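1. predicted model and sequence below, questions to follow.
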Amino acid sequence: MPRPLNILTGVYALAIYGFIFLPVAVLVLFSFQGTLIPVPPFNGPSLRWYNAVFADRRLMAGLWNSFLVAVFSSALSVFLGFLAAYGFARFRFPGKGPLNGLMTAPLSVSYLIIGMGLLISFNWLGVPKSLIAAGIGHVVINMPLCFAILYSQMGDHQVNIERAARDLGAAEWQVLGLVTAPMLWPALFASFFLSVTFSWDEFIISFLLTRFDNTLPVEIWSLLRSGLSPKTNAIGSLVFLVSTVLVVLLELTLFRKPKS
């Protein structure tokens, strides 16, 4: 017979997971609703609204723009975060402690504040609103995360291997690219996938820094301004699918057991 404590623990776990995933389940369920109004009772299944999403050029353009911004900004965030983490982990210089804190400070700042600051800075510099400006904004918010992950994985046990590579004649760029980076590949993949996930559905910075070529969250917001649309359930389900695939790839990459 199960103990009362175990039963309560199981009920509590089900309640927590239900609270987290119930909105997502409702979103996915009503994306297959066949009627115009996405409310109970459920009338489906139907692919009507998925067909409408794929036929909507603005949504497809926003989907593609989000993909481009997420991939390129994440790659740049990982690259800059890796170089910064290597510099802080391997060298001593004045003010290292305070500068280390400044590197991760954007993690505790509201995206609204960062977006407004970038908007004012770009206006002052004459940089127009565009996907490139939004990508720079995504680098600003994702690079500190990549730095924190990579810096935490750079230990003293790697220093001897890097020193041995230099003794064998490797240049500094070869040490970074052929020795240090392969040793940190799980952290590099984790940083990249997390950055893609955060950039994929980021709204505030994209809304402030784009004008004509919008990302998908901005297009969804524009769609919702005219009222509740069944297409938002379908496109939201697609976004959830992409995020789930990224998380699964991250799990398979980082936590798969090596072959004996």
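-> Yes, it's here. Numbers count the residues shown, from 1 in each chain.

2. show residues contacting the helix or strand hosting F189.
-> Per DSSP states H and E: F189 is located in helix 185-200. When contacts are defined by Cβ atoms under 8 Å, 6 or more residues apart in numbering, helix 185-200 is touched by residues 66-67, 69-71, 73-75, 77-78, 81-82, 138, 141-142, 145-146, 149-150, 152-153, 181, 216, 239, 242-243, 246-247, 249-250, 253-254. The way it works is simple: take the backbone N, C-alpha and C, and place the C-beta from them, glycine included.

3. again, but for stretch 206-215
-> With Cβ under 8 Å, 6+ apart as the test, stretch 206-215 has contacts from 58, 61-62, 65-66, 69, 115-116, 118-119, 122, 128-131, 133-134, 136-138, 202, 217-218, 221-222.

4. in helices, which of the residues you listed fall?
-> Within the contacts of stretch 206-215, residues falling in helices by DSSP state H are 58, 61-62, 65-66, 69, 115-116, 118-119, 122, 131, 133-134, 136-138, 217-218, 221-222.

5. any of these buried? List them.
-> Among those, the ones that count as buried by 16 or more other Cβ atoms under 10 Å are 62, 65-66, 69, 115, 118-119, 122, 131, 133-134, 136-138, 217-218.

6. now L112. Nearest residue, chain neighbours left out?
-> Leaving aside its chain neighbours, L112 sits nearest to I204 (5.5 Å; criterion: Cβ to Cβ, 6 or more residues apart in numbering).

7. to clarify, my last question referred to Y50.
-> Nearest residue to Y50, sequence neighbours excluded (Cβ to Cβ, 6+ apart): A234, at 4.8 Å.

8. the one you found contacts V53, doesn't it?
-> Yes. Contact criterion Cβ atoms under 8 Å: A234 and V53 qualify, at 4.7 Å.

9. all helices of the protein, in order?
-> Under the criterion DSSP H, the chain contains helices at 4-30, 48-55, 57-90, 96-104, 111-125, 131-152, 159-167, 172-175, 181-183, 185-200, 204-209, 216-224, 230-255.

10. which one of these lies closest to P41?
-> When these are ranked by proximity to P41, the top entry is helix 4-30, at 10.7 Å, counting by Cβ to Cβ.

11. quick one: buried residues of that closest one?
-> Applying 16+ other Cβ under 10 Å to helix 4-30 flags L27, V28, L29, F30 as buried.

12. please report phi then psi for S110.
-> Here is the backbone geometry of S110 (degrees, to the nearest 10): phi -60, psi 140.

13. what's around it, how many residues?
-> Counted with other Cβ atoms under 10 Å, the neighbours of S110 add up to 10.

14. also R163?
-> Tallying neighbours of R163 according to other Cβ under 10 Å, which is how burial is gauged here, yields 12.

15. returning to that earlier point: which among the contacts of helix 185-200 count as buried?
-> By the neighbour-count criterion of 16+ other Cβ under 10 Å, those include these buried positions: 66-67, 69-71, 73-74, 77-78, 81-82, 138, 141-142, 145-146, 149-150, 153, 216, 239, 242, 246, 250.

16. from the chain's centre, how far out does stretch 97-116 sit?
-> Taking the mean C-alpha point of stretch 97-116 and that of its whole chain, the gap between them comes to 17 Å (Cα atoms, centre = their mean, to the nearest Å).
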